[in-house]
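> need coordinates for the following:
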Amino acid sequence: MNASIDSILEQMHPISLSEMQDIHLMDRVDSKFIAPVALLPELLETAIPYYKVQVNNGKRIASYATQYLDTPALDFFTMHQTGKPNRQKIRIRSYIDSHISFLEIKNRNDRGRTRKIRVPVEISHIQTIDDLHANRSFLEKHSIFDSRHLEPVLGVTFDRITLVNNHVTERVTFDLNLSFLNYRTGSKKTAGPLLILELKQDGWFPSDFHDILNRFNIKQVSFSKYCMGTALTNPDIKYHLETETMIL
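All right, here's what the predicted structure looks like:
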């Protein structure tokens with residue numbers, strides 16, 4: 001399937017990282033969807049007239065690594081699972097092909113908007129919070145929990161295809177080949193043939209991507225890589241039924 005995906009992506013007009021500077025969407029509305037990865041070629045083919053593909057260093061499929069931080073009681077995980085309207089996630093996001101990493105905090109409010117703030121870091125993974133050195137002040141200022149209690153709990157790797165609509169007002173990401181490592185249990189799992197799609201917009205606007213998803217009967221879901229990975233790799237954790245449905 002990789003060969004067919006590469007062939008389809010080659011047919012799409014490219015857009016470089018520098019051309020995407022105006023569409024960072026750090027304050028945005030996220031819509032998430034789940035589909036079988038087998039649908040990816042058809043989804044991409046349908047999107048060709050409406051979207052460009054991000055190209056970085058000649059690559060149309062980028063490799064990512066993420067390290068999630070949480071408290072010993074997994075408070076961030078619990079906030080998401082209990083549906084708390086105002087919630088937060090903290091992570092180190094690494095763009096493997098570019099050798100760039102950021103310490104990021106994502107805040108979601110009760111109006112469904114996600115606001116992401118971040119600072120560049122020179123390290124992609126930490127053993128303890130002290131490894132962040134000067135960037136501890138960023139956490140102390142913005143984390144809703146005491147930064148001294150934060151610790152790395154889950155590592156995630158995946159591949160991503162990023163599309164940008166022709167009007168350069170929204171981004172669509174396709175995440176595949178997800179792999180999880182739980183630092184507490186030592187368990188490693190993959191998401192199998194699962195495709196995660198995300199539409200990122202400045203607000204609730206009509207989108208060609210929604211029309212494409214409707215053709216394939218793909219419905220919006222509440223989803224988190226962090227929560228899914230935690231549930232897959234920690235048999236003692238309690239998680240929401242919707243997460244269980246995705247796993248099964």
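> what sits against residue 119?
102, 103, 135, 138 (C-beta atoms under 8 Å, 6 or more residues apart in numbering). In this view, the C-beta of every residue, glycine as well, is placed from N, C-alpha and C.
> just the pLDDT for it.
What the model reports for residue 119 is a pLDDT of 96.
> which SSE is immediately downstream of the strand or helix carrying it?
In this structure, residue 119 sits in strand 113-121 according to DSSP states H and E. Reading on from strand 113-121 to the C-terminus, the next helix or strand found by DSSP H and E is helix 136-142.
> so what does that next one touch, helix or strand wise?
The helices and strands touching helix 136-142, judged by 3 or more C-beta pairs under 8 Å, 6 or more residues apart in numbering; DSSP states H and E, are strand 100-108.
> how distant is the strand it packs on from the center of its chain?
11 Å (C-alpha atoms, centre = their mean, to the nearest Å).
> relative to that strand, what are the paired strands and their orientations?
If you go by DSSP bridges, strand 100-108 pairs up with strand 87-95 (antiparallel), strand 113-121 (antiparallel).
> correct me, but residue 239 touches residue 227?
Yes: contact criterion C-beta atoms under 8 Å: residue 239 and residue 227 qualify, at 6.7 Å.
> quick check: neighbours shared by these two?
The contact sets of residue 239 and residue 227 overlap at residue 81 (C-beta under 8 Å, 6+ apart).
> pick out whichever of those two has more residues nearby.
residue 227 (25 against 19; other C-beta atoms under 10 Å).
> the strands in this protein, which residues?
14-16, 27-36, 51-55, 62-70, 87-95, 100-108, 113-121, 151-165, 170-182, 188-190, 194-201, 220-221 (DSSP state E).
> show me where this structure dips below the pLDDT cut-off.
Along the chain, the parts satisfying pLDDT under 70 run over 1, 3, 21-28, 203-204, 240-248.
> ok, and the closest non-adjacent residue to residue 231?
Distances taken as C-beta to C-beta, 6 or more residues apart in numbering place residue 239 nearest to residue 231, at 4.1 Å, with adjacent residues excluded.
> next up, the contacts around that neighbour.
81, 227, 230, 231.
> got a quick PyMOL command for the buried subset of those residues?
Of those, the buried ones can be selected in PyMOL as follows, counting by 16 or more other C-beta atoms under 10 Å:
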select buried, resi 81+227+230+231
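> with respect to residue 188, which of the contacts of residue 239 is nearest?
Nearest to residue 188 among those is residue 230, at 13.1 Å by C-beta to C-beta.
> contacting residues around the residue nearest to the spatial centre of the chain?
Note on the chain: the residue nearest the mean C-alpha position is residue 225, at 6.7 Å, using C-alpha atoms, centre = their mean. Counting by C-beta under 8 Å, 6+ apart, residue 225 makes contact with 66, 156, 158, 175, 178, 196.
> mind running it again at 7 Å?
By C-beta atoms under 7 Å, 6 or more residues apart in numbering, residue 225 lies in contact with 156, 178.
> in JSON lines: the contacts of residue 119, plus neighbour count and distance to residue 2.
Output for these, formatted as JSON lines (neighbours: other C-beta atoms under 10 Å; distance: C-beta to C-beta, whole Å):
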{"residue": "102", "neighbour count": "17", "distance to residue 2": "28"}
{"residue": "103", "neighbour count": "23", "distance to residue 2": "32"}
{"residue": "135", "neighbour count": "20", "distance to residue 2": "36"}
{"residue": "138", "neighbour count": "19", "distance to residue 2": "38"}
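> out of the strands paired with strand 100-108, which is the most enclosed?
Mean neighbour count (mean count of other C-beta atoms under 10 Å) peaks for strand 87-95 among the strands paired with strand 100-108, with a mean of 21.
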